[in-house]
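J.: sequence first, then the predicted structure, then my questions.
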Amino acid sequence: MIEGISIYEILALTSILFFIGVYGFITRKNLISILISVELILNASVVNFVVINKYLYPDMLQGVYFSLFIIAVAAAETALAVSIIINLYRQISSVEVKDTETMKY
Amino acid sequence: MNFSYTILIPLIPLTVFLLLGIFNKKIKPAVSGYIGVFGLLASATISFYTAYQYFFVSAKVDGVYQTFVEKTVWMNFTETLHIDMGILIDPISVMMLLVVSTVSLMVHIYSRGYMKGDEGYTKFFAFLSLFTFSMYGLVLATNLFQIYIFWELVGVSSYLLIGYYYTKPSAVAAAKKAFIVTRFADLGFLIGILIMSYYTGTFDFETLNNPEGSAILNWASTSFMGLSAITWALILIFIGGAGKSAMLPFHIWLPDAMEGPTPVSALIHAATMVVAGIYLVARLFPMFYFVENGFALNIVAYVGAISALFAAIIAITQTDIKRVLAFSTMSQLGYMMLALGVSGYDGHHGVGYMASMFHLFTHAMFKALLFLGAGSVIHAVHSNYLKDMGGLRKYMPITNITFLIAALAIAGIPPFAGFFSKDEILVAAYEHNKLIYYIGVFVAGLTAFYIFRIYFGIFWGKDKEYEHKPKESPLSMTFPLLFLALMSIIGGFVPFSEFVTPDKSGFEAHLNYPLAAIAVGVGLIGIILAWVFYKKENSLADTFANAFGPFYKWASDKFYFDEIYLFVAKKILFKRVSAPIAWFDKKVVDGTMEGIGNKTVLISKKIKGMQSGKVQDYAFAFISGVVVLAIVFIYIWTN
Amino acid sequence: MERYIFYILALIMIVSAIASVSSRKMLRSVIYLLFALVGVAGIFFLIDYNFLAAVELTVYAGGIIVLMIFSVLLVHHIEMKLEVAKISKRILTAIACAIGAGLFITTIYSYDFKVESIATTTTTAEIGTGLLSYEAGGFILPFEVISVLLLAAMIGAIIIAKGRKLETNNDDIT
């Protein structure tokens, strides 16, 4: 509970963060930037879990657990993504999306 | 008595066909000739054995020849309506087995000499075997559908063999003509089969032909345009038969079919395939006879009589000996149809049916002999035309004698085979319909005249300028001639009425001496006229031809049937019907379809960039889609 | 007081998030992300989840951001400017995202949340007990699975990052 702040405001904030992340995911041309956008999206959802837990079911902890798991999965995902990016960079000396579009018609 | 071994009769030629067809280039010509001949010899042996077993040993119960059927269900439509495959043994199928075997075997032997050195020797024998297989299948068929399948198969093999010299444009055209014309008639056959099976619920010959069966008793149950539906079906089936047997007006393919090698003409276009139409009518004879009091049978009789007369007149004017024989064949086929048409059903009334089958049998022998003899002559002088021949009796004695025997047989001079069968036909016609009888007698005279016209033209008269001296053909060609000549002499003494009758019980046939005397007399008049006209070269024939004037011209141009067909096909069908349809098809139907295709390709080219391979683009589509759907479901789709 | 802190945090987060997705310098982009994450941690502090805030700071700010900085340094010149998407695409995406956000927010505001105003403080011990409990409502199994996942990810990351250069097996890919 934050004094004077309703759940609506926090959820609105996370929604905005989420869509900023989506915007970044779609418009950025660089794999690391895309990764950053994904982190933003994930964080928005983490905050959602926590806030809903706190405001609606303060005597439970499920939201917290899920947040923890999401953070852990995000960490794993980032580690793998970074390793893939580095490998890719070694192979084609680029981490631009336009150089990796092999799923084409 | 078990006749299931007869299945081997068609299967052996089929095997030979596959063998020769698949290993076409690998087999030496000499070997392939032997394979063909021995394969057929085996088939023929089994056929003869079957005939012996059937007629003399076991098939007669209480004086009636039994029908043996072995079949398996092939295609099941309903409980009662199914197509079977099998073999049917009864007097006419056994008789046909004999005819096909004998003639085919002789033609195989003959071909070994006639086709010697030809490039497609193996192919030729393969096709001959295919034809023989199909013909056996047709003869042994147990039901309408099976006969239709083999009917088309003989059509195909006939097409292949007429077009055997496929580098010759006229042969190709003739093959196409034969195929299309018979195919056109077969359309009638097919529709007839469908109507028949629809109203009777069966394809099976035994069920259909049973005089006490429902198919015959209930013929009047449905009528269409004043006739019973079954009668229409029979007429349509007869149209199919008329197409195969070159009856008027489907005869135009037969003279052109002479473009094929002569043994083929002898086998297919004289002795076997062309009688398929006769066989078909005979096969369904009880139906033809009982349904609507034989209305369809009357049509058969008149078509036969008119075809016989018409073809005989044309035959007189032709100069290509093979064409004369072709029209002669057509005329004799008309005779057989006529005989079927005037026949009754039981006991002695079945004489027309018996005579038809008898004539089929004897005609197969002497007409094959005529063709093979003509082939022998053509082989020697390398021309089909009468004007290039003359005085050959000195060079080719065997051919001369055998040809003479065949000519006497076809002219109906006793004791040769044709006399007996023709006499029976005339007896049947006399008892039934006087008009048809007079046509028959007149045709008999014409037959004698035209056949002796070419006989004298070929073997008598002055020698022509030959490139090299004609000589007698080798033994492989003369042996079949001699054999068939023997058959033409003794064939008439077979007591056919004992074996082949509509009710399968047999009766004693007697010569009707007054009628026989008239027929022989007319035949002799024909021969004498031919002798006067053509024995020595003189202008008498031309004088007579001129006396007939335009009529002679019409006849020698075959009464312009081809021209009429061409006119109808080209000027009316192609121009007025087909061309607009083709235009519509090309512009509208194809245009629409191709337009759809082209537009699709065009649009795909434009939008294939959307499939960019970038996950981000897909994500964008996904997000926008989700947003749109969310809006739709939250705000618009709220009922 | 807390209210103003929240607004300040929200402002920081939104501004830095926007900066992070639009900056044309890679490294700055990552640092802006760091600010946004710190803002998230601040919100956790505000709603009294101290443990979670600490995890957020250590894992995200301390781990992931450092990892990203490393990778940026490995594959980029610091001064290199990033390519940006076509202006039309950016506008289109912005519109789609704005509509989406608007949709979310209006939906959220139109929903009547049953907020409970009991102020309880959660201790780390409670979280730990809950995670390791194998009774009903316990999270022992996901916890163990996550630990295995992390191990697998670690091994995978090492193996992938070690990977050979393309020249050796380029021919059969093309």
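T.: Ah, there it is.

J.: in chain A, which helix is the longest?
T.: helix A:62-92 (DSSP state H).

J.: how about that one: buried residues?
T.: For helix A:62-92, burial by neighbour count (16 or more other C-beta atoms under 10 Å in any protein chain shown) applies to A:63-69, A:71-72, A:74-91. Just so you know, the C-beta spots here come from the backbone N, C-alpha and C atoms, and that holds for glycine as well.

J.: give me the mean pLDDT for it.
T.: In this model, helix A:62-92 has an average pLDDT of 88.

J.: following the strand or helix carrying residue B:515, which helix or strand shows up next?
T.: Taking DSSP states H and E as the criterion, residue B:515 maps to helix B:513-534. The helix or strand immediately downstream of helix B:513-534 is helix B:540-548, counting by DSSP H and E.

J.: can you tell me what sits against that next one?
T.: B:317, B:532-534, B:552 (C-beta atoms under 8 Å, 6 or more residues apart in numbering or on different chains).

J.: what residues does chain C put near chain B?
T.: Residues of chain C found near chain B (C-beta under 8 Å from any C-beta of the partner chain) are C:92-93, C:96-97, C:99-100, C:103, C:107.

J.: those in helices, which ones?
T.: Per DSSP H, these map to helices at C:92-93, C:96-97, C:99-100, C:103, C:107.

J.: any of the residues you listed buried? List them.
T.: Using 16+ other C-beta under 10 Å as the burial test, these include C:92-93, C:96-97, C:99-100, C:103 as buried.

J.: turn these into CSV, columns for pLDDT.
T.: Formatted as CSV, those follow (pLDDT from 0 to 100):
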residue, pLDDT
C:92, 88
C:93, 88
C:96, 89
C:97, 90
C:99, 91
C:100, 90
C:103, 90
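
J.: of those, which pair is most distant in space?
T.: Spatial extent of these (C-beta to C-beta) is set by the pair C:92 and C:103 at 16.6 Å.

J.: helices or strands up against the longest helix of chain A?
T.: Packing contacts for helix A:62-92, counted by 3 or more C-beta pairs under 8 Å, 6 or more residues apart in numbering or on different chains; DSSP states H and E, involve helix A:31-56, helix C:50-55, helix C:65-75, helix C:124-132, helix C:140-162.

J.: tell me which of the ones you listed sits most buried.
T.: helix A:31-56 (a mean of 23; mean count of other C-beta atoms under 10 Å in any protein chain shown).

J.: does residue A:62 touch residue A:53 like I think?
T.: Yes - using C-beta atoms under 8 Å, residue A:62 is in contact with residue A:53, at 6.5 Å.

J.: related to what we said a few turns ago, dump the ones in helices among the residues of chain C next to chain B into a markdown table; add distance to residue B:132 as well.
T.: Listed next are those as a markdown table, based on distance: C-beta to C-beta, whole Å:
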| residue | distance to residue B:132 |
| --- | --- |
| C:92 | 78 |
| C:93 | 79 |
| C:96 | 78 |
| C:97 | 82 |
| C:99 | 82 |
| C:100 | 81 |
| C:103 | 83 |
| C:107 | 85 |
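
J.: can you report how many residues lie near the residue of the stretch 401-550 of chain B found nearest chain C?
T.: Residue nearest to chain C within the stretch 401-550 of chain B: residue B:476 (66.5 Å; C-beta to the nearest C-beta). Residue B:476: 17 surrounding residues under other C-beta atoms under 10 Å in any protein chain shown.

J.: quick one: mean pLDDT for the helix or strand containing it?
T.: Using DSSP H and E, residue B:476 falls within helix B:475-490. The pLDDT scores in helix B:475-490 average 86.

J.: and for stretch B:194-208?
T.: Averaged across stretch B:194-208, pLDDT comes to 83.

J.: buried residues in the helix or strand hosting residue C:43, which are they?
T.: Using DSSP H and E, residue C:43 maps to helix C:26-46. For helix C:26-46, a neighbour-count test (16+ other C-beta under 10 Å) marks C:26-27, C:29-46 as buried.

J.: one step back: check contacts around the residue of the stretch 401-550 of chain B closest to chain C.
T.: If you count contacts by C-beta under 8 Å, 6+ apart, residue B:476 has them with B:109-110, B:112-113.

J.: now swap in residue B:529 and tell me
T.: By C-beta under 8 Å, 6+ apart, the contact list for residue B:529 reads residue B:449.

J.: buried set for the helix holding residue B:476?
T.: Buried-residue list, helix B:475-490, by 16+ other C-beta under 10 Å: B:476-485, B:487-489.

J.: which SSE is whichever residue of chain A sits closest to chain C in?
T.: Minimum separation of chain A from chain C (C-beta to the nearest C-beta) falls at residue A:24, amounting to 3.0 Å. Assigning secondary structure by DSSP H and E places residue A:24 in helix A:7-27.

J.: residue B:153 too?
T.: Taking DSSP H and E as the definition, one finds residue B:153 inside helix B:144-162.

J.: quick check: next helix or strand after that helix?
T.: Proceeding N to C from helix B:144-162, the next assigned helix or strand is helix B:169-200, under DSSP H and E.

J.: chain center to that following helix, what's the gap?
T.: In terms of C-alpha atoms, centre = their mean, to the nearest Å, the centre of helix B:169-200 is set 11 Å apart from its chain centre.

J.: hmm, who's touching the helix or strand following it?
T.: Note on helix B:169-200: by DSSP H and E, the next helix or strand toward the C-terminus is helix B:205-209. With contacts defined as C-beta under 8 Å, 6+ apart, helix B:205-209 is touched by B:67, B:69, B:88, B:141-144, B:196, B:200, B:202, B:213, B:215-216, B:283-287.

J.: repeat that for 10 Å
T.: B:67, B:69, B:71, B:80, B:88, B:90, B:93, B:141-144, B:146-147, B:196-197, B:200-202, B:213-216, B:230, B:283-290, B:502 (C-beta atoms under 10 Å, 6 or more residues apart in numbering or on different chains).

J.: give the buried residues for the helix or strand just after it.
T.: Downstream of helix B:205-209, the first helix or strand assigned by DSSP H and E is helix B:214-217. Neighbour-count burial for helix B:214-217 flags B:215-216 (criterion: 16+ other C-beta under 10 Å).

J.: output the contacting helices and strands for the following helix or strand past helix B:214-217.
T.: Remark: after helix B:214-217, the chain's next helix or strand is strand B:223-224, criterion DSSP H and E. Applying 3 or more C-beta pairs under 10 Å, 6 or more residues apart in numbering or on different chains; DSSP states H and E, we find strand B:223-224 packed against helix B:229-244.

J.: do me a favour and average the pLDDT over the helix it packs on.
T.: For helix B:229-244, the mean per-residue pLDDT is 88.

J.: ok and that helix relative to helix B:169-200, angle-wise?
T.: 160 degrees (axes from the mean of the first three to the mean of the last three C-alpha atoms, to 10 degrees).

J.: CA atoms of helix B:229-244 as CSV?
T.: Taking Å, rounded to 0.1, in the frame of the first residue of the first chain, the C-alpha atoms of helix B:229-244 are listed here in CSV:
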residue,chain,number,x,y,z
ALA,B,229,-37.2,-47.9,-72.5
ILE,B,230,-35.7,-51.3,-72.9
THR,B,231,-36.2,-51.1,-76.7
TRP,B,232,-34.4,-47.7,-76.7
ALA,B,233,-31.6,-49.3,-74.8
LEU,B,234,-31.4,-52.2,-77.3
ILE,B,235,-31.5,-49.7,-80.2
LEU,B,236,-28.6,-47.8,-78.6
ILE,B,237,-26.7,-51.0,-78.0
PHE,B,238,-27.3,-51.9,-81.6
ILE,B,239,-25.8,-48.5,-82.6
GLY,B,240,-22.6,-49.5,-80.8
GLY,B,241,-22.7,-52.8,-82.6
ALA,B,242,-23.3,-51.1,-85.9
GLY,B,243,-20.3,-48.9,-85.3
LYS,B,244,-18.0,-51.8,-84.8
